[in-house]
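Enquirer: Provided below are the primary sequence and the corresponding predicted coordinates.
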Amino acid sequence: MSPETAALYVGNWRRLTNLSADRKGSIHDDDAARNLGFKSAFVPGSTVATAAMPALVHCLGSRWMEGGWYRFTFVSPVYTDEDVREVAEEGTDGVAFRVETRDERLCCSGTAGFGIRPPWRPEDDGRGAGDVLPGVEIGLTFEQEGFVTHEPDIQPLLASAGDETPWYADSSPWGRGVVPPERLHGFALQITRSRTLPVSGVRNPGMWAQHDLVLRQPLFLDETYVMTERVADKGRSGRTAFLTYEFKVLDASGTQLAIGRHKVKWLVA
C-alpha cells in the first residue's frame with residue numbers, strides 16, 4: 001500500500017519561506033547555520049508547523065479548536081531550496097502528522113487529538129537538569145504581556161507556509177477570523193527574548209526542538225489576550241542541552257484559553 005493510499009491527508013508540494021533571514025546570528029542566518037555544520041539557514045519552526053496545520057484541520061475539524069491538543073517535534077531542517085508537504089495518518093495517540101521532503105527526509109513529526117489534558121508530563125520536569133545551563137532556574141518567570149492579532153499580522157506566516165485555511169479570515173465556523181495556533185509560539189518566543197538569560201556551556205545559536213499546545217477554545221483576531229510564561233524544564237539529550245518554556249493565554253476576565261510549551265535546544269560546547 002502506498003503512503004498516499006494509507007494516508008488520511010496528503011498536502012501539495014511547495015517551498016517554504018524563511019521569514020527570519022534578517023536575524024543575523026540566529027539559526028535562520030546562513031553564516032550562523034553553516035558554522036554549526038548545516039548547509040544553509042533553517043526555515044523557522046513556526047512556518048514548518050503551520051505547514052502541517054492544513055492536515056490537522058482536515059482530519060480533526062473545528063471541534064479541535066474548541067478543545068484539542070498537538071505536539072510537534074522538529075526533527076531536521078527545512079531549507080528554502082527544497083519542496084516539502086504535510087501528511088496525516090492514523091496514529092496510536094490521536095492523528096499522526098509529518099512534514100517531509102521529496103527524498104522522504106522527515107523534517108517535523110507530531111500527533112494531535114481532542115481533549116484539554118496537556119500532552120506532556122510535568123512530574124518529569126527537572127529530572128535530567130543536573131548542572132546543565134546553571135544560570136537558568138526552573139520556575140523563572142517573565143513579565144506577562146498583552147497581545148492582539150490582526151489579519152495583516154498573520155498573512156506573512158500563512159503565505160510562508162502555504163496554508164490557505166479560510167478560518168484565519170472571515171470564513172470560519174465561528175463567524176470571524178481565528179488566530180493561527182503557531183502564532184502563539186511566536187509570541188511566546190518574543191517574550192523569552194525580553195530578558196537575557198545566562199546560557200552557558202552551549203554553542204549558539206539555539207533552535208526550536210518542540211512545540212506543544214492545548215486549546216480550550218479558539219482565539220479570535222482583533223481581541224486582546226494576556227500571555228504568562230515561565231521556564232518549565234531544562235536538561236540534556238544526547239549532544240544537546242535544552243530549555244522548555246511554558247506559556248498560558250488568558251482572556252480579559254482571566255480565564256485560561258490555552259496552554260503551551262516550546263523547547264529550545266543548543267549543541268553542547
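Expert: Alright, I've got the coordinates.

Enquirer: Report the buried residues of the host helix or strand of Glu86.
Expert: Assessed by DSSP states H and E, Glu86 sits inside strand 84-90. Within strand 84-90, the residues that qualify as buried are 84-89, counting by 16 or more other CB atoms under 10 Å. (Each C-beta comes from the backbone N, C-alpha and C, glycine too.)

Enquirer: which is the next helix or strand following that strand?
Expert: Helices and strands here follow DSSP H and E; after strand 84-90, the next one along the chain is strand 95-101.

Enquirer: Give the other helices and strands that the helix or strand following that following strand contacts.
Expert: Sequence-wise, the next helix or strand downstream of strand 95-101 (DSSP H and E) is strand 106-114. Applying 3 or more CB pairs under 8 Å, 6 or more residues apart in numbering; DSSP states H and E, one finds that strand 106-114 contacts helix 45-60, strand 68-74, strand 95-101.

Enquirer: mind redoing it with 10 Å?
Expert: Secondary-structure packing of strand 106-114 (3 or more CB pairs under 10 Å, 6 or more residues apart in numbering; DSSP states H and E): helix 45-60, strand 68-74, strand 84-90, strand 95-101, strand 202-215.

Enquirer: Of these, which is nearest Asp30?
Expert: The minimum distance between Asp30 and the helices and strands packed on strand 106-114 falls on strand 202-215, with 12.1 Å, by CB to CB.

Enquirer: Paired strands for the helix or strand following the closest one, with orientation please.
Expert: Scanning forward in sequence from strand 202-215 by DSSP H and E, the next helix or strand is strand 224-237. In the sheet, strand 224-237 lines up against strand 141-148 (antiparallel), strand 240-250 (antiparallel) (DSSP bridges).

Enquirer: Dump those to TSV, plus mean pLDDT.
Expert: Listed next are the strands paired with strand 224-237 as TSV, based on pLDDT from 0 to 100:
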stretch	mean pLDDT
strand 141-148	97
strand 240-250	97
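
Enquirer: Pick the most deeply packed of these.
Expert: Most buried of the strands paired with strand 224-237 by mean neighbour count (mean count of other CB atoms under 10 Å) is strand 240-250; its value is a mean of 21.

Enquirer: how long is stretch 10-22 from one end to the other?
Expert: 32 Å (CA to CA, to the nearest Å).

Enquirer: Tell me the helix or strand right after the lowest-mean-pLDDT helix or strand in the chain.
Expert: Each helix and strand of the chain was given a mean pLDDT (mean pLDDT, DSSP states H and E); the minimum falls on helix 3-6 at a mean of 59. Using DSSP H and E, the next helix or strand after helix 3-6 towards the C-terminus is strand 9-10.

Enquirer: Show me what that next one packs onto, helices and strands only.
Expert: Here strand 9-10 touches helix 45-60, strand 84-90, going by 3+ CB pairs under 10 Å, 6+ apart.

Enquirer: chain center to it, what's the gap?
Expert: Taking the mean of its C-alpha atoms, strand 9-10 sits 20 Å from the chain's own mean (CA atoms, centre = their mean, to the nearest Å).

Enquirer: same question, stretch 98-117
Expert: 11 Å.

Enquirer: these two touch, right, Thr141 and Arg230?
Expert: Yes: checked against CB atoms under 10 Å, the pair Thr141 and Arg230 is within contact range at 4.5 Å.

Enquirer: Endpoint to endpoint, stretch 155-171 covers what distance?
Expert: 15 Å.

Enquirer: Done for today, thanks.
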